[in-house]
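Chemist: One predicted model, sequence on top.
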Amino acid sequence: MTVVNEVIAWLTDPAQWSGPDGIPVRTLQHLWYSLLATVIAGAIALPIGVFIGHTGRGAVFAINLTNLGRAIPSLGIIILVFTLVGFGIVPVLVALIALAVPPIVTNSYIGVRSVDRDVRDAAEGMGMRGRQVLWEVELPVATPLIMAGIRTSAVQVVATATLAAFVGLGGLGRYLIDGLSQRDLAQVVGGAILVAVLSLLTELVLGRVQTLVVPEGLAERGADAAVRAKVEKAA
Amino acid sequence: MTDAPAPVLAAELIRWSWVGDHLDDIRGYLFQHVQLTVLAVLFGLLLAFPLALVAVRWPRTYSPVLGFTGVLFTIPSLALFILLIPFTGLSVRTSLIGLTIYTLLILVRNIVEGLRGVDPDVREAAQAMGYTPARQLLQVELPLALPVIMAGIRIATVTTIGLVTVTALIGQGGLGRLFIDGFTLNFTTPIVVGIVLSALLAFAADLALVGLQRQLTPWARSRGS
């Protein structure tokens, strides 16, 4: 397997690990696009999802948004915005945000909505007002699903940030796009391995963050709710 | 007066004469898009069913199966397509294998959840009536699991329609080819046509599958669910 040897040689070449197009810089660029897009998407999607969950208004919209989002081709959005506004981070951000918003809206909606009615009643019985119920009861109870939504989005964003390279930006996608045009298989496969590893690491790290952020008493319930939500979404 | 800017923007985004001149190309891309999607979901089902049956029969295998397909699902699509190139080259097989792999997680998960959701009493009743395991699966469990399985097929289909566009970067791509055309020409019309058609295709496929599900589960209709 000469390809395997070439890929190993490419990955372990010290020249690959330094300089402006070295693996560390490309990885940081990749993470930077992803972080920026996920944070902006969260700032847009969380208030919407939580509001719909709290008030019950727009439930159909919140449930179907994730499915609608799947139908949007990210590569098309990147290229369209690129032809409209030109080179820069904007085309990639637009596409990544459009990708990340739907799962966060749907999951935070289901999280807040699925808070046990008895729990809500109890909070109101204790004299809590609408906003207090939201901040002190609904949001903490909804954290497992809210985190699940952010995690889903973040992993998709890291995977899709690969396409940034197509419109001239950096990130690990550079190795794939450059390698393809130079017919340099070692670079292409090496880059693909790096992106795959970064995506899997993102999934693992955010999974750890999720268990840390979720209030202790809710961990079990969270797992249940997540399974139920999946089945609900499916059905 | 207030809606004056809209036609200007529309004129910038889409030039209808180009669409008229390229109808044959667009039809060809659309056909390839549908073809890749249908084949990927079919192959996905062929692989997912045995995996799911194993996972239901031997529950301990479910976690590893789900974990493995989950890892495959997490690999960025462009990276997965490219990792297949050393084996299958820049061919349609590469696209098809990659697309099929992406349907596995969704399909396996929903088939297993669907079969597990069958009421144990129903299963016992079938056993008591002397159904063989195979007949019980085909005539009792699968029909009852169908709504959840169909939900999985819907998600897998819509996801695949989106992913097909990425294969444009390795030489296939269906409607995704229009993105590349627009990019090389620095011209928005093909890109808009590509985005709108692939979104419409996803929407139409989803509706068709909902219709199919209603046909296949007549008993669910009368209950109004």
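Modeler: Perfect, I can see it now. Numbering: from 1, shown residues only, chains lettered A, B, ... in the order given.
Chemist: mind listing the helices for the chain?
Modeler: All of this is about chain A. A:2-12, A:23-55, A:59-70, A:74-85, A:90-113, A:117-125, A:130-132, A:139-160, A:173-182, A:185-213, A:219-234 (DSSP state H).
Chemist: please go with chain B instead
Modeler: Counting by DSSP H, the helices of chain B are B:5-13, B:16-21, B:23-57, B:62-74, B:77-88, B:92-116, B:120-128, B:133-136, B:142-164, B:176-185, B:188-216, B:218-222.
Chemist: Tabulate those in TSV, adding columns for mean neighbour count, mean pLDDT and distance to chain A.
Modeler: Any C-beta I mention is one placed from the backbone N, CA and C, and that applies to glycine too. Listed next are those as TSV, based on neighbours: other C-beta atoms under 10 Å in any protein chain shown; pLDDT from 0 to 100; distance: least, C-beta to the nearest C-beta, whole Å:
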stretch	mean neighbour count	mean pLDDT	distance to chain A
helix B:5-13	10	56	8
helix B:16-21	11	88	14
helix B:23-57	18	94	10
helix B:62-74	16	86	5
helix B:77-88	22	85	4
helix B:92-116	23	92	6
helix B:120-128	12	89	17
helix B:133-136	12	88	22
helix B:142-164	23	92	4
helix B:176-185	21	93	5
helix B:188-216	18	93	4
helix B:218-222	9	74	11
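Chemist: Nearest to A:Ile177, out of these?
Modeler: helix B:77-88 (8.7 Å; C-beta to C-beta).
Chemist: Report all helices and strands that the closest one contacts.
Modeler: For helix B:77-88, the elements it packs on are helix A:173-182, helix A:185-213, helix B:92-116, judged by 3 or more C-beta pairs under 8 Å, 6 or more residues apart in numbering or on different chains; DSSP states H and E.
Chemist: would CSV of the ones you listed with distance to B:Thr61 be doable?
Modeler: Below are those laid out as CSV (distance: least, C-beta to C-beta, whole Å):
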stretch, distance to B:Thr61
helix A:173-182, 34
helix A:185-213, 21
helix B:92-116, 10
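Chemist: looking at the helices of chain B, which is closest to A:Glu216?
Modeler: Here helix B:62-74 is closest among the helices of chain B (C-beta to C-beta), at 24.0 Å.
Chemist: What separation do you get for the residue nearest the centre of chain B and B:Gly171?
Modeler: When C-alpha atoms, centre = their mean is applied to chain B, the residue found nearest the centroid is B:Thr157 (1.7 Å). In this view, B:Thr157 and B:Gly171 are 23 Å apart by C-beta to C-beta, to the nearest Å.
Chemist: got it, and B:Ile97?
Modeler: 14 Å.
Chemist: TSV for the helices of chain A, including mean pLDDT?
Modeler: Formatted as TSV, the helices of chain A follow (pLDDT from 0 to 100):
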stretch	mean pLDDT
helix A:2-12	87
helix A:23-55	94
helix A:59-70	81
helix A:74-85	93
helix A:90-113	93
helix A:117-125	85
helix A:130-132	82
helix A:139-160	90
helix A:173-182	90
helix A:185-213	89
helix A:219-234	49
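Chemist: Tell me how many other residues surround the nearest residue to A:Ser74 once chain neighbours are set aside.
Modeler: Take A:Ser74 and drop its neighbours on the chain: the residue closest to it by C-beta to C-beta, 6 or more residues apart in numbering or on different chains is A:Ala95, 4.7 Å away. Neighbour count for A:Ala95, taken as other C-beta atoms under 10 Å in any protein chain shown: 28.
Chemist: got the contact list for A:Ala95?
Modeler: A:Ser74, A:Leu75, A:Ile77, A:Ile78, A:Val81, A:Thr160, A:Leu163 (C-beta atoms under 8 Å, 6 or more residues apart in numbering or on different chains).
Chemist: Kindly recompute the last result at 7 Å.
Modeler: A:Ser74, A:Ile77, A:Ile78, A:Val81 (C-beta atoms under 7 Å, 6 or more residues apart in numbering or on different chains).
Chemist: Please name the residues that touch the last one.
Modeler: Read it as A:Val81. With C-beta under 7 Å, 6+ apart, A:Val81 has these contacts: A:Val90, A:Pro91, A:Val94, A:Ala95.
Chemist: Show me which of those is closest to A:Leu169.
Modeler: A:Pro91 (8.5 Å).
Chemist: That closest one: neighbouring residues, count only.
Modeler: Residues lying near A:Pro91 (other C-beta under 10 Å) number 25.
Chemist: hang on, isn't it packed against A:Phe82?
Modeler: Yes. Between A:Pro91 and A:Phe82 there is a contact under C-beta atoms under 7 Å: 4.1 Å.
Chemist: Common neighbours of the two, please.
Modeler: A:Val167.
Chemist: Please tabulate the helices of chain A in TSV, including the columns distance to B:Met129.
Modeler: Formatted as TSV, the helices of chain A follow (distance: least, C-beta to C-beta, whole Å):
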stretch	distance to B:Met129
helix A:2-12	56
helix A:23-55	45
helix A:59-70	39
helix A:74-85	51
helix A:90-113	39
helix A:117-125	40
helix A:130-132	54
helix A:139-160	41
helix A:173-182	57
helix A:185-213	45
helix A:219-234	28
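Chemist: Mind checking these for the one nearest to B:Gly194?
Modeler: That would be helix A:74-85 among the helices of chain A, by C-beta to C-beta, at 5.4 Å.
Chemist: Show me how far that closest one is from its chain's centre.
Modeler: 20 Å (C-alpha atoms, centre = their mean, to the nearest Å).
Chemist: next one: stretch A:31-51
Modeler: For stretch A:31-51, the distance to the chain centre is 9 Å (C-alpha atoms, centre = their mean).
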